[in-house]
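> Build the 3D model from these lines:
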Amino acid sequence: MVKNKLYSLGGDTMSGLIGFLQYRKDPERAWKAYSFASFTKMEGYEFVYFTPRHINLEDKTINGKMYENGEWVERTTRLPDVIYYEPGNMNKEMYEKVYQLKQLVPFTSNPIGGKANLYRKLKNSKYFAEYIIPYEIVHNTVEILDFMNKHGKTVLKPVWGQQGRNIMFIHQEQGHYVVETNGKQSLYFKDEFIDLMNLTINKENYVIQKYILCKTKEGNCFDFRLHTQKNEHGKWITLAAVPRVAQKGSIVTNMSLGGLTGISFYFLMREYGDEAFNIERLLDRFGISLSQYLEEANGKSYDELGIDIGVDENKKIWIYEVNWKPGEPPFESNNIDIIKNTVKYAIYLAKQNKQTL
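Coordinates of the predicted model:
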C-alpha cells in the first residue's frame, strides 16, 4: 500500500475531481467504484473514493483512495468538485459528517423520502394523481381490517422498505387470512391475524394499498422497473424499462426474492404484439415525466430513480413506488450505461457549479 501524502491534481489534462462517497472502507466491495474511476479518467477528471471517516472538515481535505497503476492507493486530496453518494450502514456521527460536507460540495442526488411522502406528492399532482393506487397510512389494525373489507386483496408495505423486503400480500380465503411475505405464504385465523398485524405495525410505519392485478398471458404476475437517469446535459432519460415476472403461483416480482426478468423489447412483443412499440414509448415518456415532477415537487435534484409500476389489463399504469438508489441492474450492458451517464452528469454538475461561483 502506497503511503498517504498530499495529492495535487495533475497537469493541464485533469480539470477537476469527482468524489465517490460510500460506507464501505474497501472500494473493491463497491461494485461501481472501479468502473466509475475508469470512466472519470476517460473524461479528463480525477476520481477519489472515500467514506465519512475519511472526511477532514477542519482543513477541507479527503483522505481517500485513488486508482493508480492497477491498485487503489491512499491519497489526501482537496474537497471534490462534486460527489456521488451511496448511503448505507452508517452511525449518527457519520451521517452528520455527510450533512456538513453537503453544505460545502454539491452532491449528484438526494434522498426521495418514504412512501408516505411520495404518495402525498403524487396526490397533489393534477396529472399523476390518477396513477396512485388507493392507499392509507396505517395507524392501527382496525384500519387494516376496514381497508381489506373495502378493497379486498391488499399490500402492506414498510414506509422505509427496500428491495421488496417485509412486504405483505394479504387476502381472505375460506375463513382464513392468507399472508405472503418474502415469497412464503401462511394462513391465520382472525385472532392470529390481528396479533400479527399488531406486532408488525408496532415495529415500524406501514402503508396499505389495494392490490392491482397485472398478469402476463401465461398468468404470471409482473411489473416494470423504469430506470431513469440524468445525462451529460442534465436532462432525464429512461435508460431501461425492465419487466419483472413472478414465478408461477407467486405474486412476488422482486428479483432479490425470486422474481425473474427478461429483455424489455421481447417481453413487450410477446405481451402486446403490434402495440409493443407504443407501450415502449409510453413507459419511456412516463419515466421521464414522473422524474421531472418529483424533482419539482420535492425541491431536490436527483441523478437516477428506480420507478416500479404495474400495467393492468386495460393498459393503465399504476405507480407502486420510487427508489432513489435503484441498485445493480439485471444486465451487464446496463451497468456500463448507468455508470457512464452517472459520471457524465457528475461532470455536468461540476461545470455548472464552477460557473455559479
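
> can you pull the contacts of the closest residue to Arg285 other than its chain neighbours?
Leaving aside its sequence neighbours, Arg285 sits nearest to Thr238 (C-beta to C-beta, 6 or more residues apart in numbering; 7.9 Å). All C-beta spots, glycine's among them, are computed from the backbone N, C-alpha and C. Taking C-beta atoms under 8 Å, 6 or more residues apart in numbering as the contact definition, Thr238 lies against Leu226, His227, Thr228, Leu283, Asp284, Arg285, Gly287, Ile288.

> Would you mind listing the two of those that lie farthest apart?
His227 and Arg285 (14.6 Å; C-beta to C-beta).

> okay, those two: which has more neighbours?
Between His227 and Arg285, counting by other C-beta atoms under 10 Å, His227 is the more crowded of the two (23 against 11).

> Return the residues in contact with that one.
Counting by C-beta under 8 Å, 6+ apart, His227 has contacts 238-242, 287, 304-307, 326, 329, 334, 338.

> and it, what pLDDT?
We have a pLDDT of 93 for His227.

> In the sheet, which strands lie alongside the stretch of helix or strand it belongs to, parallel or antiparallel?
His227 belongs to strand 222-230 when assigned by DSSP states H and E. Here strand 222-230 is paired, per DSSP bridges, with strand 236-245 (antiparallel), strand 304-311 (antiparallel).

> Check the gap between Val138 and Asn117 for me.
To Asn117, Val138 is 15 Å away according to C-beta to C-beta, to the nearest Å.

> who has more neighbours, these two?
Val138 (21 against 14).

> which ones are touching that one?
For Val138, counting by C-beta under 8 Å, 6+ apart, the contacting residues are Ile144, Leu156, Ile201, Asn205, Tyr206, Val207, Ile208.

> quick one, phi psi at the third one?
Think Ile201. In terms of degrees, to the nearest 10, the main-chain angles of Ile201 are phi -80, psi -10.

> show me what contacts it?
Val138, His139, Asn140, Thr141, Ile144.

> do you know how far it is from Lys217?
Distance from Ile201 to Lys217, by C-beta to C-beta: 37 Å.

> Can you pull the poorly scored residue ranges out of the stretch 151-300 of the chain?
Flagging of the stretch 151-300 of the chain using pLDDT under 70 yields the residue ranges 161-165, 252, 254-259.

> all strands of it, in order?
Taking DSSP state E, counting those that start in this stretch to define them, one finds strands in the stretch 151-300 of the chain at 154-158, 168-173, 176-181, 184-188, 206-210, 222-230, 236-245, 260-261.

> nearest to Gln100, of those?
Distance to Gln100, taken as C-beta to C-beta, is lowest for strand 222-230 among the strands of the stretch 151-300 of the chain, at 25.0 Å.

> Pull out the buried residues from the closest one.
For strand 222-230, a neighbour-count test (16 or more other C-beta atoms under 10 Å) marks Phe222, Asp223, Phe224, Arg225, Leu226, His227, Thr228, Gln229, Lys230 as buried.

> Next: stretch 204-215.
For stretch 204-215, the neighbour count (16+ other C-beta under 10 Å) marks Asn205, Tyr206, Val207, Ile208, Gln209, Lys210, Tyr211, Ile212, Cys214, Lys215 as buried.

> No further questions, thank you.
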